[in-house]
Each structure stands twice: as C-alpha cells, then as structure tokens.
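>>> Could you work out the structure for the sequence below:
(chains A and B)
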Amino acid sequence: MKPRFATVLSWLYALILAVPLYYLAVSALKTNIEIFTEPFALPATWLWHNFATAWETARLGPALLNSVLVSGVAIVLTLALAVPAAYALARTDNRLARVVTGTFSAGFLIPPFAALIPTVVLAIELGLYGTREFQMLFLPASALPLSVLLLTQFMLTVPPALAESAAMEGAGHWTLLTRVYVPIAMPGVVSVAILQLLTFWNEYLFALTITGTAPDVRTVQVALPTLLSDATDLGVLAAGTVLTVLPVYVAYALLNRRMQEALTAGAVKG
Amino acid sequence: MPRSRLLWLTVPSLLWFAVFSVGPLVAMFAIATLKWKGLLYEPAYIGLGNVTKVLADPAFHAAVRNSLIQVAVAIPVMIPLAFMLGYHLNTRPRGYRVLSVLYFSPGLISISTTGMIFYGVLSPNGGVNGLLGAVGLDSLATAWLADPATALPALIAVDLWRGVGWTAVLFAARLASLDGEVLEAAQIDGAGRFRTMWRVAFPMVKDYVRTLTMLQFLWTLFTSAALILLLTKGGPGTSSTTLSYLVYAKAFSQRDLGYSQVVGVVLLLVGVTGMFLIRALFRTKEESR
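Residues are numbered from 1 along each chain as shown, chains lettered A, B, ... in the order given. Take a look at the predicted model:
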C-alpha cells in the first residue's frame, strides 16, 4: 500500500522541524570552519569548551538566576491576584460579574507588544527603568486575563452544594477559598502556573527594552543574543542557545503530559 | 463579607490590568500627537503633524506592504496545514509520540532562541547553504537574511516553522475532545478521509478554527518585531521592515516616538479590521440567527 498523503506530509514537516534542531545540537560542538564545511556531520572532535565559552562570554550564570527570580516573583504575584478574582467570578452571577469577565476576555486579545513604548515610559515614570522589579510587576498584568478566565473555569467545577454546606457550617470566604476551591481547582492552578511560567521565562522584547542588557540584571533571553557580533562564533552561539533552551526541555521531559495540557488549555480558551 | 460584595476580590487584578496594560495602550494615542525625540527629551504637542509625516514616508509604505504580505502568506498556509496535521495527529498514527513531541517543540522555544537557531541556519556559512552545497545546488546559495529578495520570505518561513506544528497540536487537542463516534460513523458511511476531515470534522470545530486564526493573525502581525530585530533589523533597506518592527525601530534607534506611536495606532487598526474580516469569513449559519 502506498503511504497516504497525510502520513508523508506529517513526516515531511516533522523533518523540517527536526533538522534545524539537529543542526543546532551538532553545531554546538564544532568550530566555525567545520560548521561550514561539514554542516550536518557529527563533530570530528567534540568541542565541549564551546559551552564554557558561551557561559562566560554571555554571562549566562547570573542571567539564568535573573530569569528564575523574575519568573518566580511574577508567577507568585500572578496567582495572588488571579486566584481571588477567579473565586469571586465563579461564585457571583450578575451583570457586574459578566462585565468583569468581558473585560478580561477582551484583554486577552490585546497583544502585549502593542503598547511596548508607553510601557517603557511608564517604567521610567515609576523610576523602575533598567530594573528587574518592573518586569516582576508588569508580567503578571499581561498574564492576568487568561489566568483569571482559566481559573474561573476550573473553580466553576466546584459543586455549589458543597460550597453551601461548608458556608452553613460557618466557613468564611478565606476558609472556603483555601480549603474547598483551591484544592478542587488545583489542576487549573498548576496549568496556569506552568503556562505563565513558560511565557515569563521566554519573554524577550520587554526584558530587552525595559530591564536592558546590563549583565547584572538581564535575563537569559536578553543575554543569549549578546553572543552575536561582526564575527560571530557560530559554534559558541549554538552552545549558548542549547544552554538557554535546556531548562525548558528538562521541565518538559519531567512534566510532559501536564505541560502539554497546560499549554493547550491556554489557547483552547479563546 | 456578604456574597454581593465578593466582586471586590476582582478589584486588585482589574487595577493591575488597568495600570500596566490598558493605561499604556491609551497613552499610545497621546504620544502619537507629540514631537518627541527620545525618552530623555522634552516632548511638544504637534497634533496630527506626525500622521502627515508617517503617511508621506516611503518606509511606512514598505512596512504596510511587508506586513500585509507576511500575514497574507503566513496565515492561509498555516491554518489549513495545521488543521490537516492536527487531524492526522488526532488519529494517533504510527510514530505519534515522536510527531507530537516535535510539533510541540516550537511552543517551548522562546523568540530569542528561535532567532539564534535561524541566525545559524540562514547565515552565509550556515545550514541551508551547506545543504544546497551538499546536493550540488551551490548556485542557489545566498546570504538569506542580507538579500533583499529573500529577507522577508525567510522571516515568513520562520513564522511557519514555529507556527504550524504548535497550531496543529492545538487543533489535535480540540479534535480529541470531540465525540469520536461521529467521525467514525462518517467513515463507515463511506465518506473518504479527506471528505470526513473537511466536511464533518472541520464544521464541528469551526469556532475554534476562527479563534486560532485570529490569535495567529494577531501574533504574526504584532510580534514580528522581535525576530526581525534579531535577524535582519528590517533590512536590507526596508525590505523586511514590518509595521511591528517600524514601531520598535522609530522609538529606539531613530528617536521619533511620535512617529512610532502613529504606526502603533495603525497597527491596532489593522489588527481590529483583520479580526472583523476573519470573523466575517468564518460566519456560520447558526450565528446569523
């Protein structure tokens, strides 16, 4: 039987995806000359010191720490803002609640890039230009619409009878939220956390223009392109790129299914 | 706290959203009316002066054209292709695990790493030229990112590289949530695979196709600045300058914030118009009730 069109197409595209990734991996261990003369061969000698050079030249160590710090604080802030809001929206059904939900639905469609320059101005006005702190405050705002909407969906799965009976026994909102709603909506909280952590970790343009390229504050996404120059060592660049994507792939290897669910959930809610 | 007051809990997130997202968006319109040479200078009000300047600028015309080309090529290729691949993934073909991991990959990789991967692949001594050399097509080799004829197509190719697989995974996830029996029944009724895909499965997820088309449209239109900044800086000349990149370049390298924000407003208008067009294109009979 001849292979079906769909099968051929799907593997062809898989190949197109895989080849640049393979090229990246082998280039990381080669010299510029070898990259050019033997682009797809395995390295003749494995130049592990490309990784050390990339690590030192782009100062990836502090950059990784900055990325962890910014993403970590931003995700805590995002959840602290979004969880109570989602709880309120899941438990209220009136016109005002629908207006709030509508606001977040519309906000979800605003591409963050749209207001890049005024956001830079805002950072300057707040005296936070060139700091990591602004990113920690700003990133949650761009993540809020989707986070609130997703968390509300998950909190709506709490049976109203359960909430009513807990309330009858005298449980306040805080108890209800922490003992009933958050535990039941936990898969949603985890999904939102994974999805937004990845978004924060990968954010580039705002980190570049607001936090800037100073080695002590820049994130790893900003540090990596500093390896470009008039005479870029493509091997070192590839090694730096591998080091930058590695944390995300390790997370993916560990969380595989959960991560796929989280990321598809993010776009399924539209 | 009585039940009716519960909505106070949404106030912090609304405020946060207002300050950091809505505020800057509104400020765009104000900055668009200023003569402002850079963030360290004092701005002066010039009303619609920037608009006249922008409309008369050939760089702006090039950016409009490039953005339209980018969207008009990337989206009509991406969405149908991603739908077909997503449909195929959903049938759990042989090698499903490998396919799904690969398709998912671009969703994990940031724009700056994507940029660095393709800087290597597309550079004059890079992978594409190496591949052409290996199969004896040296004559086709070029400096892909520095050749006015190939810079924009190369950027669109990168958009497709990352967009198609990721969108396919999303389609597969949505199709998996459908009732599989309907699709099986259609196949048993003798509808061919191709027919089942487009006549049965497609209408069932049409709303979702519309949503993803809108999102991909907005992402492609608005976020191209980052990749262009990393790979071509809009050049050579203005051959790969899009509206999104023009907003960035005018503000940060050419020191004309008013101009930049007029382009930003144009970008928003194009975005909103495009959304309405996509909506109209996918209008279903049920919705016109």
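>>> Okay, strands next: where are they in the stretch 1-150 of chain B?
Per DSSP state E, counting those that start in this stretch, the stretch 1-150 of chain B carries strands over the ranges B:34-35, B:44-45.
>>> Tell me which of those strands sits most buried.
Stretch with highest mean neighbour count among these: strand B:34-35 (a mean of 18; mean count of other CB atoms under 10 Å in any protein chain shown). From N, CA and C alone the C-beta is placed, and that goes for glycine too.
>>> how far is that one from where the chain is centred?
30 Å (CA atoms, centre = their mean, to the nearest Å).
>>> Tell me which strands it pairs with, and in which orientation.
strand B:44-45 (antiparallel) (DSSP bridges).
>>> ok so, going back, export the strands of the stretch 1-150 of chain B to JSON lines and append columns for mean pLDDT.
Output for those, formatted as JSON lines (pLDDT from 0 to 100):
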{"stretch": "strand B:34-35", "mean pLDDT": "86"}
{"stretch": "strand B:44-45", "mean pLDDT": "85"}
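>>> Kindly present the ones you listed as TSV, with separate columns for distance to B:Ala249.
TSV is the format used below for these (distance: least, CB to CB, whole Å):
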stretch	distance to B:Ala249
strand B:34-35	18
strand B:44-45	22
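>>> how far does stretch B:172-182 stretch from start to finish?
Length of stretch B:172-182, first residue to last, CA to CA, to the nearest Å: 16 Å.
>>> buried ones in that stretch?
Neighbour-count burial for stretch B:172-182 flags B:Ala172, B:Ala173, B:Arg174, B:Leu175 (criterion: 16 or more other CB atoms under 10 Å in any protein chain shown).
>>> quick one: which of the strands of the stretch 1-150 of chain B is nearest A:Asp216?
Distance to A:Asp216, taken as CB to CB, is lowest for strand B:34-35 among the strands of the stretch 1-150 of chain B, at 33.1 Å.
>>> contact partners of that closest one?
B:Pro43, B:Ala44, B:Tyr45, B:Ile46, B:Gly49, B:Asn50, B:Leu257, B:Gly258 (CB atoms under 8 Å, 6 or more residues apart in numbering or on different chains).
>>> Packing partners of the helix or strand where A:Phe154 lies?
Using DSSP states H and E, A:Phe154 sits in helix A:132-155. Applying 3 or more CB pairs under 8 Å, 6 or more residues apart in numbering or on different chains; DSSP states H and E, we find helix A:132-155 packed against helix A:60-91, helix A:95-109, helix A:116-125, helix A:186-202, helix A:205-206, helix A:234-268, helix B:11-17.
>>> Of those, which shows the lowest average pLDDT?
Mean pLDDT across the helices and strands packed on helix A:132-155 is lowest at helix A:234-268; the value there is a mean of 85.
>>> Quick one: work out the angle between it and helix A:60-91.
Taking axes from the mean of the first three to the mean of the last three CA atoms, to 10 degrees, one finds helix A:234-268 and helix A:60-91 inclined to each other by 0 degrees.
>>> how about helix A:234-268: buried residues?
Those would be A:234-245, A:248, A:251-252, A:259-268, for helix A:234-268 by 16+ other CB under 10 Å.
>>> That helix versus helix A:186-202: what angle between them?
Using the same axes, to 10 degrees: helix A:234-268 against helix A:186-202 is 150 degrees.
>>> how close does the closest residue to A:Leu151 other than its chain neighbours get to B:Ser13?
Spatial nearest neighbour of A:Leu151, excluding adjacent residues (CB to CB, 6 or more residues apart in numbering or on different chains): A:Ala86 at 3.5 Å. When distance is defined by CB to CB, to the nearest Å, A:Ala86 is 9 Å away from B:Ser13.
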